[in-house]
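Peer 1: let me see the structure of the following:
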Amino acid sequence: MPAIALLSAVFVVGFEQLVQWKYGAAGLVGVLLLTIGVKAKSPAVSSAGAVLLALLLAGPAL
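Peer 2: Numbers count the residues shown, from 1 in each chain. A predicted model of the protein is given here:
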């Protein structure tokens with residue numbers, strides 16, 4: 001059980017670092033909003049994070 005929790009934490013931190021490296025601080029804010037919204041079961045907060053990430057991903061195409 002502790003090994004699964006450790007691997008999960010390493011994956012989450014690695015993913016956040018990848019998003020911040022590629023999309024900057026706005027990407028990190030989007031991931032944090034999405035994560036906090038899902039954990040708090042708040043659709044408004046998680047939707048705001050998802051929209052921010054979608055705008056960052058679609059930005060070069062617009």
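
Peer 1: okay, and the spatially most central residue of the chain sits in which element?
Peer 2: Taking CA atoms, centre = their mean, the centroid of the chain lies closest to Val31, which sits 1.9 Å from it. Applying DSSP states H and E as the criterion places Val31 in helix 2-39.

Peer 1: just checking, what packs against the next helix or strand after that helix?
Peer 2: Toward the C-terminus, helix 2-39 is succeeded by helix 43-58 as the next helix or strand (DSSP H and E). Packing partners of helix 43-58 (3 or more CB pairs under 8 Å, 6 or more residues apart in numbering; DSSP states H and E): helix 2-39. For the C-beta atoms, the positions are set from N, CA and C on the backbone; glycine is no exception.

Peer 1: the helix it packs on to helix 43-58, inter-axis angle?
Peer 2: If you take axes from the mean of the first three to the mean of the last three CA atoms, to 10 degrees, helix 2-39 sits at 100 degrees to helix 43-58.

Peer 1: tell me the confidence at Pro43?
Peer 2: pLDDT, Pro43: 92.

Peer 1: could you count how many residues lie near it?
Peer 2: Residues within reach of Pro43, counting by other CB atoms under 10 Å, total 11.

Peer 1: which neighbouring elements make contact with the helix or strand of the chain with the lowest mean pLDDT?
Peer 2: Lowest on mean pLDDT, DSSP states H and E among the helices and strands of the chain sits helix 2-39, with a mean of 82. The contact analysis (3+ CB pairs under 8 Å, 6+ apart) places helix 2-39 against helix 43-58.
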